[in-house]
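Visitor: One predicted model, sequence on top.
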Number of protein chains: 2
Amino acid sequence: MELSQEFFMKMALKQAELAFAADEVPIGAVVVANNQVIGKGFNQVETLNDPTAHAEMLAITAASSFLNSKYLNECTIYVTVEPCVMCYGAIKNARIKQVILGCLEPKHGFTNVVSKSSKLNIKTGILEEESVELMKSFFSTKRGPTNER
Amino acid sequence: MELSQEFFMKMALKQAELAFAADEVPIGAVVVANNQVIGKGFNQVETLNDPTAHAEMLAITAASSFLNSKYLNECTIYVTVEPCVMCYGAIKNARIKQVILGCLEPKHGFTNVVSKSSKLNIKTGILEEESVELMKSFFSTKRGPTNER
């Protein structure tokens, strides 16, 4: 049975909740191949004091390790929030086939910075409300009810 | 005594030589704070089968770990070859103050992909000949004497 995009986005949201619980900006990611999660990650920048430890990076490293391959060209990555430029670059380097997002991130998302001609097979709006809500709740505990990072 | 940019680029080139010896695309990086190297790295994509294991990423993670800080805002990164988009994003995320390059990389470097309005304090051409030469020798062993990656 082909599992739905909502199913995998729920798994990414579970990762995001782990980030939330660790007082990290709540973003989660899973990498899927053949209907199976082969890598997952949640934002750990604060915990690891590492600016590269975004959810997508950790999920990509895990998936590459699982497949023993630097290319993930048959894979889809599910991310709860639009990736930053670093993670966009990692997704391109890994040649990931498709990107499914919960919601866009107008301030820190890559689409503002990366040239429009640089294509990525991308779809957004899967469990959008849940993805947005998690970010909103996190930042409301930080500095009032805004969606800013 | 203030050490020269050439001094630190030589250290980055030493890292690049380690990559070369490991049959990796020969790119090296060091992160410098207060006249001291606090993080270094060489490309290990093939060795680790990890598309995120670029020289700059490893050097940034090492420097953040050394300083116990996700921001490297007082640091300079020396890279032998112009970073890709992923590494550009990591440099921005880490808020690195200055970027010193050996040489540009017209094909995979970030400047082609990232919007011109996104500023980075960047200087290139430090030990340019050595940086270019190392890349050329590497690729000449792979597919004839070109500078392509």
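Guide: Structure's in. What do you need? The shown structure was predicted, so the numbers you read here are calculated from the model rather than taken from an experiment. Residues are numbered from 1 along each chain as shown, chains lettered A, B, ... in the order given.
Visitor: pretty sure residue A:47 is touching residue A:18, no?
Guide: No - between residue A:47 and residue A:18 there is no contact under CB atoms under 8 Å: 10.5 Å. Backbone N, C-alpha and C define where each C-beta goes, glycine included.
Visitor: who has more neighbours, the two?
Guide: residue A:18 (17 against 13; other CB atoms under 10 Å in any protein chain shown).
Visitor: Surely the more buried one forms part of a strand?
Guide: No - assessed by DSSP: H, G, I helix; E, B strand; the rest coil, residue A:18 does not belong to a strand; its assignment is helix.
Visitor: Helices along chain A, start to end?
Guide: A:5-21, A:45-48, A:55-67, A:85-93, A:128-143 (DSSP state H).
Visitor: which ones are touching the closest residue in space to residue A:39 that isn't next to it in sequence?
Guide: Excluding the flanking residues, the one nearest residue A:39 by CB to CB, 6 or more residues apart in numbering or on different chains is residue A:63, at 3.0 Å. By CB atoms under 8 Å, 6 or more residues apart in numbering or on different chains, the contact list for residue A:63 reads A:31, A:33, A:38, A:39, A:72, A:75, A:94.
Visitor: With respect to chain B, which of these is nearest?
Guide: residue A:94 (4.2 Å; CB to the nearest CB).
Visitor: Could you check how many residues crowd around the closest one?
Guide: Residue A:94: 25 neighbours (other CB under 10 Å).
Visitor: Quick check: it touching residue A:64?
Guide: Yes - using CB under 8 Å, residue A:94 makes contact with residue A:64 at a distance of 6.9 Å.
Visitor: who touches both of the two?
Guide: In contact with both residue A:94 and residue A:64: A:70, A:72, B:51, B:52, using CB under 8 Å, 6+ apart.
Visitor: can you tell me how far the residue nearest to residue A:39 sits from residue A:37?
Guide: 9 Å (CB to CB, to the nearest Å).
Visitor: With residue A:20 instead?
Guide: 20 Å.
Visitor: for chain B, what are the nearby residues on chain A?
Guide: By CB under 8 Å from any CB of the partner chain, the part of chain A that sits against chain B consists of A:45-46, A:49-53, A:57, A:60-61, A:64-65, A:67-72, A:84-90, A:92-95, A:110, A:112-115, A:118.
Visitor: Kindly supply the PyMOL command isolating those of the residues you listed that are buried.
Guide: Only the buried entries of the residues of chain A next to chain B go into this PyMOL selection, using 16 or more other CB atoms under 10 Å in any protein chain shown:
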select buried, chain A and resi 45+49+50+51+52+53+57+60+61+64+67+69+70+72+84+85+86+87+88+89+90+92+93+94+110+113+114
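Visitor: Next up, the contacts around the closest residue in space to residue A:82 that isn't next to it in sequence.
Guide: Leaving aside its chain neighbours, residue A:82 sits nearest to residue A:109 (3.5 Å; criterion: CB to CB, 6+ apart). Residues near residue A:109 by CB under 8 Å, 6+ apart: A:81, A:82, A:83, A:84.
Visitor: Could you give the backbone dihedrals for residue A:109?
Guide: phi -70, psi 160 (degrees, to the nearest 10).
Visitor: I'd say residue A:68 and residue B:49 touch.
Guide: Yes - contact between residue A:68 and residue B:49 holds when scored by CB under 8 Å: they sit 5.3 Å apart.
Visitor: Between these two, which contacts overlap?
Guide: If you check residue A:68 and residue B:49 against CB under 8 Å, 6+ apart, no residue is contacted by both.
Visitor: coming back round to it: what's the most distant pair in the shared contacts of residue A:94 and residue A:64?
Guide: With distances taken as CB to CB, the most widely separated pair in the shared contacts of residue A:94 and residue A:64 is A:72 and B:52, at 11.1 Å.
Visitor: Name the residues contacting each of those two.
Guide: Joint contacts of residue A:72 and residue B:52 (CB under 8 Å, 6+ apart) are A:60, A:64, A:94.
Visitor: want to try a markdown table for those residues, with pLDDT as columns?
Guide: As requested, the shared contacts of residue A:72 and residue B:52 are arranged in a markdown table below (pLDDT from 0 to 100):
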| residue | pLDDT |
| --- | --- |
| A:60 | 98 |
| A:64 | 98 |
| A:94 | 98 |
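Visitor: Cool, thanks, signing off.
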